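>>> Coordinates only, no sequence provided:
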């Protein structure tokens with residue numbers, strides 16, 4: 001279907017820098033003449049609606065209930081109705097724009113817009129997200145905090161945007177929604193396969209780092225519910241006996257690191273992060289050396305831990321430990337990211353609810369670590385490298401395929417929504433589809449309503 005798409009017969013210059021050429025018959029108009037900014041009162045029955053970075057605008061409870069910044073007082077909250085175009089003023093640059101599928105209420109940082117007659121809100125959600133992808137919003141907006149913007153309706157309303165006919169807007173939306181569903185289904189299938197492969201890796205790793213390599217070795221009770229039995233000849237020590245808290249401040253010339261849940265400690269840019277402002281203050285960041293154990297004190301319960309293979313600096317929201325020479329760093333990396341150890345980090349954490357849960361060194365230092373002799377640690381590492389190599393290669397391949405699908409989807413949306421490809425005939429022939437129940441949880445980057453919670457710069461990924 002997509003291979004059959006062709007350009008329009010003729011084009012003209014749109015006069016809009018981010019848009020380029022558009023079909024000859026398209027018009028353009030200022031956004032304020034197509035959409036009206038609403039300021040509705042909140043009703044008693046209204047629940048919280050959240051605008052996510054993946055373009056989903058829905059009741060918060062439809063996506064998840066935890067991991068949001070909660071407002072103690074809902075000052076300035078406004079009514080949102082199904083079909084409204086919602087633009088997150090501070091996160092629009094990252095794609096937090098979409099059409100609400102629910103009635104409810106939202107923070108005053110949202111621009112809640114109602115389309116005028118003949119205007120398809122979903123088409124203009126795609127348009128604003130394309131303005132974000134092209135970095136036009138970043139170029140326009142005045143930043144009020146790092147890695148964000150202040151893209152208010154007044155700024156958006158002044159922008160000229162393409163104006164295809166009503167029927168053509170609907171055809172574009174119909175085609176892109178169909179393509180999105182197909183591509184998201186393929187991505188979800190690959191994600192599920194990755195999850196199964198990771199689970200298989202975890203089983204192999206857990207057994208090796210808690211039982212060793214000899215299936216017939218006598219066992220003893222570790223006395224720790226999350227750890228269970230360990231080999232009789234193994235030692236067992238508190239973490240503080242095998243590590244030392246590193247406190248070394250940023251000298252000013254080291255690369256930025258972060259801990260990613262599925263990749264451990266890596267360079268920030270390798271995880272897709274970009275530091276937009278050179279003025280970002282990193283003076284209180286701390287030094288990490290190769291072989292240091294790094295733990296996010298807010299996200300250790302999710303497995304945000306690892307042993308670094310890089311030297312660099314990391315957010316003060318992390319705990320950095322220098323490991324003892326008796327503790328093989330590669331063995332420690334496998335062990336510390338195993339389910340048995342992460343469960344101990346959960347037990348050592350303090351706070352109510354996931355968003356408040358944190359680990360502090362006075363509690364972390366008492367976490368118990370199973371400890372074979374150094375040669376056995378090294379043998380376990382060699383075994384795990386061979387046993388998980390094929391699984392890791394499959395995971396890497398699937399992640400690459402997902403990346404390619406996302407890149408393809410981004411390019412397709414950009415080309416269709418700006419008129420580089422004509423989808424009118426294809427849209428007519430598409431079948432009616434019902435969005436499956438999984439789609440609400442299929443977002444790529446479900447940041448909270450104020451910012452992306454998975455931001456390694458602030459140590460909360």
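Yep, it's here. Everything numeric here is computed off the predicted structure, so don't read it as measured data.
>>> Show me the protein divided up by domain.
Taking automatic domain parsing as the reference, the chain has its domains at 27-163, 220-375.
>>> What is the end-to-end distance of the shortest one?
Going back to what we said before, that points to domain 27-163. Using Cα to Cα, to the nearest Å, the end-to-end distance of domain 27-163 comes out at 5 Å.
>>> How far off centre is it?
Taking Cα atoms, centre = their mean, to the nearest Å, the mean C-alpha location of domain 27-163 is offset from the chain mean by 19 Å.
>>> Surely residue 168 and residue 424 touch.
Yes: applying Cβ atoms under 8 Å, one finds residue 168 in contact with residue 424, separated by 6.4 Å. Where you see a C-beta, it was placed from the backbone N, CA and C, and this is true even at glycine.
>>> residue ranges with poor pLDDT in the stretch 151-300 of the chain?
By pLDDT under 70, the weakly predicted segments of the stretch 151-300 of the chain are 261-263, 269-280.
>>> And the helices in it, which stretches?
153-157, 166-211 (DSSP state H, counting those that start in this stretch).
>>> do you know which of these lies nearest residue 233?
Distances from residue 233 to each of the helices of the stretch 151-300 of the chain were compared using Cβ to Cβ; the minimum, 12.0 Å, belongs to helix 166-211.
>>> sorry, back to before: want to throw the domains of the chain into a markdown table with mean neighbour count and distance to residue 173?
Putting these into a markdown table (neighbours: other Cβ atoms under 10 Å; distance: least, Cβ to Cβ, whole Å) gives the following:
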| stretch | mean neighbour count | distance to residue 173 |
| --- | --- | --- |
| domain 27-163 | 19 | 4 |
| domain 220-375 | 17 | 28 |
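>>> can you put those in a markdown table and add distance to residue 397?
What follows is the domains of the chain, written out as a markdown table (distance: least, Cβ to Cβ, whole Å):
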| stretch | distance to residue 397 |
| --- | --- |
| domain 27-163 | 24 |
| domain 220-375 | 14 |
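>>> So for residue 176, which of those sits nearest?
Proximity to residue 176, assessed across the domains of the chain by Cβ to Cβ, is greatest for domain 27-163 (6.3 Å).
>>> before we move on, the earlier item: of residue 168 and residue 424, who's got more company?
Here residue 168 and residue 424 are compared on neighbour count by other Cβ atoms under 10 Å; more neighbours surround residue 168, at 21 against 16.
>>> distance of the more buried one from residue 422?
Here residue 168 is placed at a distance of 9 Å from residue 422 (Cβ to Cβ, to the nearest Å).
>>> Identify the contacts common to the two.
Between them, residue 168 and residue 422 share no contacting residue under Cβ atoms under 8 Å, 6 or more residues apart in numbering.
>>> How far does the helix or strand containing residue 319 sit from its chain's centre?
Applying DSSP states H and E as the criterion places residue 319 in strand 318-323. With Cα atoms, centre = their mean as the basis, strand 318-323 stands 25 Å off its chain's centre.
>>> again, but for stretch 288-301
Centroid displacement of stretch 288-301 relative to its chain, using Cα atoms, centre = their mean, is 19 Å.
>>> How about stretch 189-208?
Its chain's average C-alpha position is 20 Å from that of stretch 189-208, according to Cα atoms, centre = their mean.
>>> Helix, strand, or coil at residue 306?
Per DSSP: H, G, I helix; E, B strand; the rest coil, the local secondary structure of residue 306 is strand.
>>> now residue 123
Secondary structure state of residue 123, per three-state DSSP, is helix.
>>> Next one: it from residue 295, what distance?
46 Å.
>>> cool, residue 237 as well?
Taking Cβ to Cβ as the criterion, residue 237 is separated from residue 295 by 17 Å.
>>> of all the helices of the stretch 151-300 of the chain, which lies closest to residue 217?
helix 166-211 (7.4 Å).
>>> So what pairs up with residue 231 in the strands?
Bridge pairing for residue 231 (DSSP bridges) gives the partners residue 219.
>>> my guess is it meets residue 222, correct?
No: contact status for residue 231 versus residue 222: not in contact, 10.0 Å apart, counting by Cβ under 8 Å.
>>> still on that earlier bit, walk me through which strands the strand holding residue 319 pairs with, and which way each runs.
Strand pairing (DSSP bridges) places strand 318-323 next to strand 243-245 (antiparallel), strand 293-296 (antiparallel).
>>> and those as TSV, adding distance to residue 158?
TSV is the format used below for the strands paired with strand 318-323 (distance: least, Cβ to Cβ, whole Å):
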stretch	distance to residue 158
strand 243-245	53
strand 293-296	41
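>>> Which one of those lies nearest to residue 316?
Go through the strands paired with strand 318-323 one by one with Cβ to Cβ and the one that ends up closest to residue 316 is strand 293-296, at 11.1 Å.
>>> Need the residues that contact that closest one.
Outside of strand 293-296, the residues within contact range by Cβ under 8 Å, 6+ apart are 243, 257, 259, 265, 288, 304-308, 314, 317-321, 323, 332, 336, 345, 359, 364, 459-461.
>>> same thing but at 7 Å, please
By Cβ atoms under 7 Å, 6 or more residues apart in numbering, the list of residues contacting strand 293-296 from outside reads 243, 259, 265, 288, 304-308, 314, 317-321, 323, 332, 336, 359, 459.
>>> And for stretch 242-253?
Residues lying outside stretch 242-253 but in contact with it, judged by Cβ under 7 Å, 6+ apart, are 282-283, 285-287, 292-293, 313, 320-324, 326-327, 361, 369.
>>> Just to check, residue 290 is in contact with residue 308?
Yes: counting by Cβ atoms under 7 Å, residue 290 sits close enough to residue 308 to count as a contact (6.2 Å).
>>> Determine the residues that are contacts of both of the two.
The contact sets of residue 290 and residue 308 do not overlap (Cβ under 7 Å, 6+ apart).
>>> Please read off the pLDDT at residue 343 from the model.
For residue 343, the pLDDT comes out at 81.
>>> Cheers, nothing more for now.
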